[in-house]
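Participant: Need coordinates for the following:
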Amino acid sequence: MNIRSESNDSAAVQPIPLSRRRGLVFPAFAWLGFTSAFASIVIGSLLQSKLGTLDALAAAILGNWILFVYSAAIGFAAGRWGLSSQLTLAAVFGRWGALVPGILLGSLVTGWFAFHVVLTATILLNALHFSGAPAIVISVIGVAFAAPVIARLSHGFNMTAIAFPAMILFGGTVIAHYLMPKWTVLLDGSIGGTLPFGTGVCIAFGIFVVSGTMTGDIVRYCRTGNEAVLATAFAFLLSNLPFLILGVLIAAAGIKVGDLFAGNDALSFFLLALVVVSNWTTCDACISNASVTLKSAFPKLSWIIASAAAALLGILMAVMDAVGDVFGWALFLSAIVPPIGGVIVADYYVLRVRVGFSRFRAAPVNVAGLAAIAAGVGAAFLARQIVPGMIAPLIGAPLAGSVYLVLARLAPSRLGTDLGAAPHGTEALD
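Facilitator: Next comes the predicted model:
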């Protein structure tokens, strides 16, 4: 996805016509690179320490399958009609109603930018034994990671293609050098842990639930909805899940992730370089994700302002260590984000049936949709308080979708769920 074209004209604010779609390969590799994140290895390692090896593996697998089904349902609709995440939200929640979930998602994805910036700074400070002020180092890394997007020197999700081979090389090196000598004892660790299993599932799910909900920014370049589903499968089942599992196995071998870079030898510096590349491309994708959303929500906003605002928010979150508790952050996301997807799925597959996104909302605000999100979020947080190990997305998303369908049936005109005429240009997508 070329950032220059995103910032200049219609790519961020209009559906992608079929003639400009790029098929499966580009979206699949964009997603592969985005989800082959070093953060998944870190989180997998933490899951093993809190759940035990077997439960951590099971939580990673179940969480990613739930994430795949959730994201694929959204991705099929967005890919079928060539819609960015914000255009999908506009079709569901109305032009102005879409600003609420859109700004929320755009802000939350910068949280992952912040996490990767802090992670990079921490690894570099420890590996290089640098004694500089962490806040300054974090700020410098944040600016360096965001600058190519702001200056339109990078190509958005094209950059993530670098991360996948880098992380494959990283994983292969770690397996050969550290895990193979201990392969006979990798599953001999503790069976249980202090963390409820359902909480581990939520954490595995929450890693990419924001970008999964915003999957239209990637899969809109697919030619069909089925291609979008396949691209999503590549992302979560063939990329994120294996790296989560690698993190679990590293911890099961008794190795701390930070120790991989502490050897002061060629191997340690080689692994460090691969991780910096991975974190940079992930940060690039996060800022691109947030910027496309802001540009689509506010078409008159220049690309530089949209991307700089997203980067500034991310750097501030990094300096303030707002996502330092990565488990707490992932759990928060697993409760607050899925209701948005629940409403999208209910709207597309139940209310619209064969109409699809050929027609947008007649009203500027879909009150029923926003009310359903609030109900789903409230139910997810309440369920977690009552039953700490509850798998929150399995509560919030279905409940939000159900509430939305009930409200749409009761008062479609008053609550803004009526559909308007087909927008100009969508006939080419039919």
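Participant: immediately after whichever helix or strand residue 166 is part of, which helix or strand?
Facilitator: With elements taken from DSSP states H and E, the one containing residue 166 is helix 160-174. For helix 160-174, the following helix or strand on the C-terminal side (DSSP H and E) is helix 197-206.
Participant: what sits up against that next one?
Facilitator: 43, 47, 50-51, 55-56, 58-60, 62-64, 66-67, 70, 244, 327, 329-335, 337, 387-393 (CB atoms under 8 Å, 6 or more residues apart in numbering). C-beta coordinates here come from the backbone N, C-alpha and C atoms, glycine included.
Participant: can we see that at 7 Å?
Facilitator: Helix 197-206 has contacts (CB atoms under 7 Å, 6 or more residues apart in numbering) with 43, 47, 51, 55-56, 59-60, 62-64, 66-67, 244, 327, 330-331, 333-334, 388-393.
Participant: got the phi/psi numbers for residue 419?
Facilitator: Here is the backbone geometry of residue 419 (degrees, to the nearest 10): phi -90, psi 150.
Participant: Number of residues surrounding it?
Facilitator: Using other CB atoms under 10 Å, residue 419 has 18 other residues around it.
Participant: got a list of what it touches?
Facilitator: 355, 359, 361, 362.
Participant: Kindly report the same for residue 60.
Facilitator: Residue 60 is in contact with 44, 47, 204, 241, 244, 245, 248, counting by CB under 7 Å, 6+ apart.
Participant: now these as JSON lines including neighbour count, pLDDT and distance to residue 80?
Facilitator: Converted to JSON lines, the contacts of residue 60 look like this (neighbours: other CB atoms under 10 Å; pLDDT from 0 to 100; distance: CB to CB, whole Å):
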{"residue": "44", "neighbour count": "30", "pLDDT": "96", "distance to residue 80": "33"}
{"residue": "47", "neighbour count": "29", "pLDDT": "96", "distance to residue 80": "35"}
{"residue": "204", "neighbour count": "30", "pLDDT": "97", "distance to residue 80": "28"}
{"residue": "241", "neighbour count": "22", "pLDDT": "96", "distance to residue 80": "25"}
{"residue": "244", "neighbour count": "32", "pLDDT": "97", "distance to residue 80": "29"}
{"residue": "245", "neighbour count": "20", "pLDDT": "96", "distance to residue 80": "32"}
{"residue": "248", "neighbour count": "29", "pLDDT": "95", "distance to residue 80": "35"}
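Participant: Check these and tell me the two furthest apart.
Facilitator: 47 and 241 (12.4 Å; CB to CB).
Participant: measure stretch 90-107 end to end?
Facilitator: Stretch 90-107 has an end-to-end distance of 17 Å (criterion: CA to CA, to the nearest Å).
Participant: any idea of the angle the top helix by length along the chain forms with helix 160-174?
Facilitator: When the chain is scanned for its longest helix (criterion: DSSP state H), the result is helix 266-297. Using axes from the mean of the first three to the mean of the last three CA atoms, to 10 degrees, the inter-axis angle of helix 266-297 relative to helix 160-174 is 150 degrees.
Participant: Sort out which residues of the helix or strand following helix 266-297 are buried, please.
Facilitator: Moving toward the C-terminus from helix 266-297, the next helix or strand (DSSP H and E) is helix 303-319. Within helix 303-319, the residues that count as buried by 16 or more other CB atoms under 10 Å are 303, 306-311, 313-315, 317-319.
Participant: Kindly report the same for stretch 320-330.
Facilitator: For stretch 320-330, burial by neighbour count (16+ other CB under 10 Å) applies to 322, 323, 326, 327, 329, 330.
Participant: And the contacts of it?
Facilitator: Defining contact as CB under 7 Å, 6+ apart, one finds that stretch 320-330 is touched by 43, 46, 111, 114, 115, 118, 202, 203, 206, 207, 317.
Participant: Now do stretch 27-41: distance to the chain's middle.
Facilitator: 10 Å (CA atoms, centre = their mean, to the nearest Å).
Participant: can I get the CA coordinates of that stretch in PDB?
Facilitator: Provided in PDB are the C-alpha atoms of stretch 27-41 (Å, rounded to 0.1, in the frame of the first residue of the first chain):
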ATOM      1  CA  PRO A  27      -2.400  -8.400   1.500                       C
ATOM      2  CA  ALA A  28      -1.200 -11.800   2.600                       C
ATOM      3  CA  PHE A  29       2.500 -10.700   2.900                       C
ATOM      4  CA  ALA A  30       1.400  -7.400   4.400                       C
ATOM      5  CA  TRP A  31      -0.400  -9.200   7.100                       C
ATOM      6  CA  LEU A  32       2.300 -11.900   7.500                       C
ATOM      7  CA  GLY A  33       4.900  -9.200   8.200                       C
ATOM      8  CA  PHE A  34       2.700  -7.200  10.500                       C
ATOM      9  CA  THR A  35       1.900 -10.200  12.700                       C
ATOM     10  CA  SER A  36       5.400 -11.700  12.700                       C
ATOM     11  CA  ALA A  37       6.100  -9.400  15.600                       C
ATOM     12  CA  PHE A  38       8.800  -9.800  18.200                       C
ATOM     13  CA  ALA A  39       6.200  -8.800  20.700                       C
ATOM     14  CA  SER A  40       4.400 -12.100  20.100                       C
ATOM     15  CA  ILE A  41       7.500 -13.900  21.300                       C
END
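Participant: tell me the mean pLDDT for it?
Facilitator: For stretch 27-41, the per-residue pLDDT values average out at 90.
Participant: try stretch 283-293
Facilitator: 89.
Participant: And stretch 348-357, by the same measure?
Facilitator: Here the average pLDDT along stretch 348-357 is 90.
Participant: Give the buried residues for it.
Facilitator: So for stretch 348-357, counting by 16+ other CB under 10 Å, buried means 348, 351, 352, 356, 357.
Participant: Between those, which sits nearest residue 221?
Facilitator: residue 357 (15.9 Å).
Participant: Out of the buried residues of stretch 348-357, the closest to residue 182 would be?
Facilitator: residue 348 (47.5 Å).
Participant: mind checking the SS state of the nearest residue to the closest one once chain neighbours are set aside?
Facilitator: Excluding the flanking residues, the one nearest residue 348 by CB to CB, 6 or more residues apart in numbering is residue 77, at 4.5 Å. With DSSP: H, G, I helix; E, B strand; the rest coil as the basis, residue 77 sits in helix.
Participant: Quickly note the distance from residue 77 to residue 102.
Facilitator: The spacing between residue 77 and residue 102, counted by CB to CB, to the nearest Å, is 16 Å.
Participant: Output the below-cut-off pLDDT ranges for this protein.
Facilitator: Low-confidence segments of the chain (pLDDT under 70): 1-13, 132, 155-158, 188-192, 421-430.
Participant: Nearest to the spatial middle of it, which residue is it?
Facilitator: residue 211 (2.4 Å; CA atoms, centre = their mean).
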